[in-house]
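Asks: The following block contains a protein sequence and its predicted model.
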Amino acid sequence: MEYIIYFLIACIFLKIAYTDYKEHAIYDRDIWISALLIGIYQYLCFNLWDSILFAVIGLLIGFAIFLTAYYFYGFEAFGLGDVLLFGVLGLLFSSHFLNYLGLTLMISGFIIMFLIPFMGYEKVSKLEIPLAPLLLVWVPIYILAGRPSIILLFQSFL
C-alpha cells in the first residue's frame, strides 16, 4: 500500500512540476490531490498531526517569501500555488521540512551562482525559473539521501 501511495504522490508531483515549467501555473486541484494523498500516507504512518503542524509552518514560510518577493519586485513573482506547495511539502516531510527546504534552496542557489560565470550576470538575472520544478526535483534526492540534517552536514564540513 505504501508504494502505491508513493507512486501516486510522485505522479502528481511530476504533473505539478511539468505544468509549472510549461505554463508557470500550479493548479489548485493538483495541490489538493497531493495533500490528500500525503495526508492518507501520514495517517497510515501515525504522523498526521505532526505533519499538519509543519504544513502550517510551510504555508507561513511560503507566504512570507511571497510577500517579500512582491515587495522586492513590485509584481507577483511567486504565486499562491507555490505557497500552497510549501504547505504540501511541509505535510510530506513533517519534522524534516526545514532541513529539506534549507538544503534545497542552498544547493539550488549554489548551482545558479555557478552558472553566472558561464552565462553572465545579465542573462542569469533575467532567467525566470519556475519554483515548483526546482523544489520537486530535490524531493527524491533528499529522500534517497536518507533525509540528511542541515546541521549535521555543516558540522561534517567544519
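Replies: Arrived safely, thanks for sending. The shown structure was predicted, so the numbers you read here are calculated from the model rather than taken from an experiment.
Asks: which residues of the chain score low on pLDDT?
Replies: With pLDDT under 70 as the threshold, the chain has low-confidence stretches at 1, 158.
Asks: any idea which element the spatially most central residue of it lies in?
Replies: The centroid of the chain falls nearest to L135 when counting by CA atoms, centre = their mean (3.6 Å). Using DSSP states H and E, L135 maps to helix 131-136.
Asks: Just give me how far stretch 52-65 sits from the chain centre.
Replies: 11 Å (CA atoms, centre = their mean, to the nearest Å).
Asks: scratch that, stretch 50-59
Replies: Centre-to-centre, stretch 50-59 and its host chain are 13 Å apart (CA atoms, centre = their mean).
Asks: Next, the buried residues of it.
Replies: S51, I52, F54, A55, I57, G58, L59 (16 or more other CB atoms under 10 Å). For glycine as for every other residue, the C-beta is placed from the backbone atoms N, C-alpha and C.
Asks: same thing with stretch 44-51?
Replies: Here stretch 44-51 shows L48, S51 as buried, counting by 16+ other CB under 10 Å.
Asks: what does stretch 115-135 give?
Replies: For stretch 115-135, a neighbour-count test (16+ other CB under 10 Å) marks P130, L131, A132, P133, L134, L135 as buried.
Asks: Next: stretch 143-158.
Replies: For stretch 143-158, burial by neighbour count (16+ other CB under 10 Å) applies to no residue.
Asks: For that stretch, output the C-alpha coordinates as CSV.
Replies: Extracted in CSV, the C-alpha atoms of stretch 143-158 (Å, rounded to 0.1, in the frame of the first residue of the first chain):
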residue,chain,number,x,y,z
ILE,A,143,14.6,11.0,0.5
LEU,A,144,17.1,8.7,-1.1
ALA,A,145,19.9,10.5,0.7
GLY,A,146,18.3,9.5,4.0
ARG,A,147,16.8,12.9,4.8
PRO,A,148,20.0,14.5,6.0
SER,A,149,20.1,17.2,8.6
ILE,A,150,21.5,20.5,7.6
ILE,A,151,23.1,21.0,11.0
LEU,A,152,24.9,17.6,10.8
LEU,A,153,26.1,18.4,7.2
PHE,A,154,27.5,21.7,8.4
GLN,A,155,29.3,20.0,11.3
SER,A,156,30.8,17.4,9.0
PHE,A,157,32.3,20.2,6.8
LEU,A,158,33.7,22.2,9.7
